[in-house]
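Peer 1: Sequence first, predicted coordinates after that:
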Amino acid sequence: MRTSIFFAVLLSAALSLSCGHGAGVSTSFGSSSSGDFSLRVERMDGGGHLAASVEGTLEKPIVVVTAEGAEAFKGAYFYVEFPGERYHPVGVEFGDFLGGEGETVRLAVTTQSSEVPVAIAQVHPDSSSGASGSGVLAQVSFAAGATALSKAASQVPGGPENAVKDLTLVPTATEGSYFLTWHEVDVGDYNNDSAVGIQDITPLAVRFGQSVGDGDPQDSWDGIIDGNGDSIINILDVTPLASHFGNSLAGYKVFKNGMPTPLPNLEAPSDPISILRPMDYDPKGRVPYSYGVLVAVDGDEYRVACCDASGETGVLSDPAVYSSGEPPAVPTGLQAVTGEAVGVGSVYLSWNANGEPDLMGYHLFRRVEGGDTFSQIAAPGAYANSYSDSGLAPGTYEYALSAYNSLLQESEMCEPVPATPFSCPPPEPPTNLQVANTGIPAGSIRLTWTASVSTTVHHCEIHRQAPGEAGFSLLTEVPDAATTYTDSGLTMGETYAYKMRAVDDWTASSVFTPIASTSASYPPAIEIAGVVRDRTTCGPGDAVDLTVNVNTDDANVGWEASFGSFLGGSTGKSVRWSPGGSVTHQHVTLTVTCDDGFTSDSENLGMITTSLPDLGPALDFAKPSASAGSPPYRKFSTYLDDGKVITLTFDKYC
């Protein structure tokens, strides 16, 4: 849910307000601070509300802004207002409720005289679920003492970075008549709404990490968001936004031949601005302008300057000079440099800059060596004298350059120069790819291989074809020195196929290894190692403890007995069995079975249960002989001779 709201909350000790989106705030200050600080929320991306409190001391107050009851919360845009005659801001510290620095884009501007604009947004919000709950968004610290800041809340864009650089005189159907065309430049206005403010953080968060000029359909928008011009959307683009914060652009004034009075507004002559900002334009592209018709003569020079709504004039553009003379001179000094330092598949081109005052730029051409036709690959501006051509296939190419002026008159192409981009032979693939499904966890396949012998390998790719898939797809990347990988979480018994290739430091790939395939592993065959029992013979009412030793913890264990019962249940690795009350002499068979759903094992063991009669007191063989109560006792042979020895014979039951 996206909610656009405007509200303010007074911060005071005796007051807790709830308004707008339900924000409540409080402070530890006394009543003397009532009304000193306020929170104005411009926008929240997600559910919940913002709250603020004042902490610290009267000399060093800290305004803490928190999100409360947040749901799918992805961004907040607000202002902490302060009395500039009493305090000045000294710093802003962000909380991690929406994520750390790598997960959010953050903006805080402390150059305003009475408010601190603050914005924080999650990177790539469309793919984020947002934050929920409550947490600190930012802490704004102040110090006593009137602020020395006097920067206005709104001003016209200034600085050379905001100068128009593509001002062009375009011929009309009538000879001698021209349109003056250009595109708007307003650094920091990333959402292209004519003003630089806290909401310009949103496009930066949406396109964070994108490269400019890589052929993406949104390259035009990315070029606007790339505030520092380094060809990538990143955290460094927050600085241009902050330095141009408050800029507002309402249109342009058009000046001719250095005159201080601008050319009139052709649609509204009373307006001091020559041409107002168009209402109809692509919000993700540079805003185009067209002024005229103009009648130009040799030497006429035109410039444009951006203006704010009051008509205040900003920085002047580069000039567009009319000349009815010859086209520009043929560019000179074209050179092509290649090599490992330039990069694989890349050519660095440079040339001498032309000196014509009406020069608009160059056209750069390329063809495969020996080809019939050149194709234009770039149009560098008038101040450019170099270009990098990349992504080229191995081979030799030829380059040529022409120059053109504000009348779109073009020179001849210079003499072609050849260039052979640096290329590196693709790496050798890994060898001896093997797959195995034994000795590993169930539902797995282990891959082993011999690493590539190439020294330029950066990593290796493992591609897999799963059951039911039409072809192979990338499974994972492994370091160049790795020689084993286990693919897990597979369907047991199903067959999977694998192949590998090496990728070098320049992203060149080797050929694939031969395909290797096998089925995903089953658990090891279940096996009972033995059963431990605390006795082999028992009487009525006795109990026997039994424990089975099995080679897996995942087995289902069950017990059966030909007689008696299991106390506490007949499942589990350890049980207790009893023959019951009245027992006659008998042999009992106990059976344990272990099953894991794939294999099973069982083992039988015997148990003797018996009920013996009471034989009275046991004989005490330590007492003296019955025939001789005191020494000397009779010899044992005496009893043998008299035949009085009783021989006991036992049959062992097995």
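Peer 2: Looks like it came in fine. Model, not experiment: these values are computed from the prediction.
Peer 1: Domain-wise, how is this structure divided?
Peer 2: 2-144, 160-321, 332-419, 431-503, 528-609 (automatic domain parsing).
Peer 1: Out of these, flag the one nearest residue 518.
Peer 2: Between residue 518 and these, the tightest spacing by Cβ to Cβ is seen for domain 431-503, at 4.5 Å. To be clear about C-beta, it is placed using only N, CA and C from the backbone, and glycine gets the same treatment.
Peer 1: now the closest one: mean pLDDT?
Peer 2: The average pLDDT within domain 431-503 is 95.
Peer 1: Residue 274 and residue 542: what is the separation?
Peer 2: Separation of residue 274 from residue 542 (Cβ to Cβ, to the nearest Å): 111 Å.
Peer 1: Export the domains of the chain as CSV, with columns for mean neighbour count.
Peer 2: What follows is the domains of the chain, written out as CSV (neighbours: other Cβ atoms under 10 Å):
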stretch, mean neighbour count
domain 2-144, 18
domain 160-321, 18
domain 332-419, 17
domain 431-503, 16
domain 528-609, 15
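Peer 1: For these, which has the smallest mean pLDDT value?
Peer 2: Taking the mean pLDDT of those, domain 2-144 comes last: a mean of 79.
Peer 1: Run through who's touching stretch 474-491.
Peer 2: Under the contact criterion Cβ atoms under 8 Å, 6 or more residues apart in numbering, stretch 474-491 has outside partners 440-441, 443-452, 457-464, 467, 496, 498, 502-503, 520.
Peer 1: Doesn't residue 236 lie inside a strand?
Peer 2: No - assigned with DSSP: H, G, I helix; E, B strand; the rest coil, residue 236 falls outside any strand and is helix.
Peer 1: gap between it and residue 204?
Peer 2: Residue 236 is 10 Å from residue 204, by Cβ to Cβ.
Peer 1: what's the answer for residue 315, then?
Peer 2: 23 Å.
Peer 1: try residue 405
Peer 2: For residue 405, the distance to residue 204 equals 37 Å [Cβ to Cβ].
Peer 1: Same question for residue 82.
Peer 2: 26 Å.
Peer 1: Look at the closest residue to residue 569 other than its chain neighbours and give its secondary structure.
Peer 2: Once flanking residues are discounted, residue 569 sits nearest to residue 575: 6.9 Å by Cβ to Cβ, 6 or more residues apart in numbering. Here residue 575 is recorded as strand under three-state DSSP.
Peer 1: Quick check: beta-bridge partners of residue 575?
Peer 2: Using DSSP bridges, the bridge partners assigned to residue 575 are residue 546.
Peer 1: ok, it - contacts?
Peer 2: 545, 546, 559, 566, 567, 568, 569.
Peer 1: Partner strands of the helix or strand that the fourth one is a member of, with direction?
Peer 2: In this assignment (DSSP states H and E), residue 566 forms part of strand 565-567. Neighbouring strands of strand 565-567 in its sheet, by DSSP bridges, are strand 574-578 (antiparallel).
Peer 1: And the helices in the stretch 151-300 of the chain?
Peer 2: Along the stretch 151-300 of the chain, counting by DSSP state H, counting those that start in this stretch, helices occupy 201-206, 219-225, 238-243.
Peer 1: Go through those and name the closest to residue 530.
Peer 2: Nearest of the helices of the stretch 151-300 of the chain (Cβ to Cβ): helix 201-206, 64.9 Å.
Peer 1: what does the closest one contact?
Peer 2: By Cβ under 8 Å, 6+ apart, the list of residues contacting helix 201-206 reads 75, 77, 104-107, 119-126, 190-191, 221, 224-225, 233, 237-238, 241.
Peer 1: for that helix, the distance to its chain's centre please.
Peer 2: Remark: helix 201-206 is offset 15 Å from the chain centroid, using Cα atoms, centre = their mean, to the nearest Å.
Peer 1: list the contacts for residue 358?
Peer 2: Contacts of residue 358 by Cβ under 8 Å, 6+ apart are 320, 321, 322, 323, 405, 406, 407.
Peer 1: one step back: need the domains of the chain in a markdown table with distance to residue 512, can you?
Peer 2: Shown next, in a markdown table, are the domains of the chain (distance: least, Cβ to Cβ, whole Å):
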| stretch | distance to residue 512 |
| --- | --- |
| domain 2-144 | 32 |
| domain 160-321 | 27 |
| domain 332-419 | 20 |
| domain 431-503 | 5 |
| domain 528-609 | 34 |
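Peer 1: Hmm, residue 400 and residue 416 touching each other?
Peer 2: Yes - here residue 416 reaches residue 400: they are 4.7 Å apart, a contact under Cβ atoms under 8 Å.
Peer 1: joint contacts of these two?
Peer 2: By Cβ under 8 Å, 6+ apart, the residues touching both residue 416 and residue 400 are residue 374.
Peer 1: Find the nearest non-adjacent residue to residue 456, please.
Peer 2: residue 504 (4.2 Å).
Peer 1: Report the contact partners of the one you found.
Peer 2: Residues counted as contacts of residue 504 (Cβ under 8 Å, 6+ apart) are 424, 426, 427, 454, 456, 457, 458.
Peer 1: What about it? Give its phi and psi, please.
Peer 2: phi -90, psi -180 (degrees, to the nearest 10).
Peer 1: Please produce a markdown table containing the helices of the stretch 151-300 of the chain, extended by distance to residue 142.
Peer 2: Shown next, in a markdown table, are these (distance: least, Cβ to Cβ, whole Å):
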| stretch | distance to residue 142 |
| --- | --- |
| helix 201-206 | 23 |
| helix 219-225 | 32 |
| helix 238-243 | 19 |
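Peer 1: Those: which one's closest to residue 115?
Peer 2: Once the helices of the stretch 151-300 of the chain are compared by Cβ to Cβ, helix 238-243 is nearest, at 14.2 Å.
Peer 1: Kindly provide the distance from residue 101 to residue 95.
Peer 2: 12 Å.
Peer 1: same check, this time on residue 305
Peer 2: For residue 305, the distance to residue 95 - Cβ to Cβ - is 42 Å.
Peer 1: same deal with residue 160?
Peer 2: 37 Å.
Peer 1: Which parts of the stretch 551-654 of the chain are helices?
Peer 2: 636-642.
Peer 1: Now do the strands in it.
Peer 2: 556-561, 565-567, 574-578, 586-595, 600-609 (DSSP state E, counting those that start in this stretch).
Peer 1: What are the contacting residues of the first one?
Peer 2: Under the criterion Cβ under 8 Å, 6+ apart, residues 546, 548, 550, 566, 570-573, 575, 577, 588-597 lie in contact with strand 556-561.
Peer 1: can you rerun that using 7 Å?
Peer 2: Residues from elsewhere that reach strand 556-561 (Cβ atoms under 7 Å, 6 or more residues apart in numbering): 548, 566, 570-573, 575, 577, 588, 590-595.
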